[in-house]
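> Here is a sequence together with a model predicted from it:
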Amino acid sequence: MNGSDTLAAMSLEQTLADFGLPPSFIVFLIATLPIIELRGAIPIGINYFNLEWFPTLAIAVAGNMLPVPVILGLLRRAEIILSQYPIFKRFFAWLFWRTRSRSTTIQKYGMLGLVIFIAIPLPVTGAWTGSVAAVLMGFPFRQALLHIFYGVLAAGLIVTMLSLIGWLGAIVAGASVLTLLLVTSSRSTLKP
């Protein structure tokens, strides 16, 4: 999670706390949000609210999964209906283009790629984007839901581990992501 996601999650958390909501419910709500998802909810729960890691993980996974069936079930229908209006047609064109441009792993590896895509704890690689990608790729509802859950659980475990080990976790995550990017880019430049 980058700095702006952390600031957005923390200001949202403060706003929700001002309403007197319990910390576990705040973690749940933050996990339902696009882009922030559980990547912001878990660090807030563990490091800000000092909640135990396992309940925080479970609550964040549940919150992150809440919108997935709705996205999987309604996105295609909503696109068909709303695309009759120019503003929505442009929005869906942008959304689908953006998702396709970020989902080469899914295109290459199918359902396993969907899990990997969601499991990498970076902004815009979570359950929301993965759900849109699953719809675009035509994955069956139940299989997509199960594989999105696997990816969300893996991302949750990674973010939990990083939240528990603090700065060392951030350094390990940064080094891992940098290595992954370097390996991926070197493979793509080696291909004819």
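All right, it came through fine.
> can we go C-alpha only for contacts and neighbour counts from here?
OK.
> pretty sure T125 is in contact with F117, am I right?
Yes. Taking contacts as Cα atoms under 8 Å, T125 lies within contact range of F117: 5.9 Å.
> Which one of the two is surrounded by more residues?
When T125 is set against F117 and neighbours are counted by other Cα atoms under 10 Å, the residue ahead is F117, at 27 against 22.
> The residue most central in space within the chain and F117, how far apart?
A centroid search over the chain (Cα atoms, centre = their mean) returns G126, at 1.8 Å, as the residue closest to the centre. G126 sits 7 Å away from F117 when distances are taken as Cα to Cα, to the nearest Å.
> W53 too?
Distance from W53 to F117, by Cα to Cα: 24 Å.
> ok now do T99, which residues does it touch?
With contacts taken as Cα atoms under 8 Å, 6 or more residues apart in numbering, T99 has the following neighbours: T129, V132, A133.
> Show me the shaky parts of this protein.
In the predicted model of the chain, residues 1-13, 16-17, 102, 169-170, 173-174, 176-178, 180-192 satisfy pLDDT under 70.
> Please enumerate the helices of it.
If DSSP state H is used as the criterion, the helices of the chain fall at 3-18, 23-32, 37-43, 53-65, 67-82, 86-102, 104-109, 111-119, 127-137, 141-164, 166-190.
> okay, those helices, which one's buried deepest?
Highest mean neighbour count among the helices of the chain (mean count of other Cα atoms under 10 Å): helix 37-43, with a mean of 31.
> What's the local residue count around the residue lying closest to P23 once chain neighbours are set aside?
Counting by Cα to Cα, 6 or more residues apart in numbering, the nearest residue to P23 once its immediate chain neighbours are dropped is F49, at 6.5 Å. Neighbouring residues of F49 were enumerated by other Cα under 10 Å; the total is 17.
> Backbone dihedrals for P34, please?
Dihedral angles of P34 (phi, psi; degrees, to the nearest 10) stand at phi -70, psi 150.
> any idea how far L66 is from the closest residue to it other than its chain neighbours?
What sits nearest to P34 in space, not counting adjacent residues and going by Cα to Cα, 6+ apart, is W128, at 6.0 Å. Using Cα to Cα, we find W128 at a distance of 10 Å from L66.
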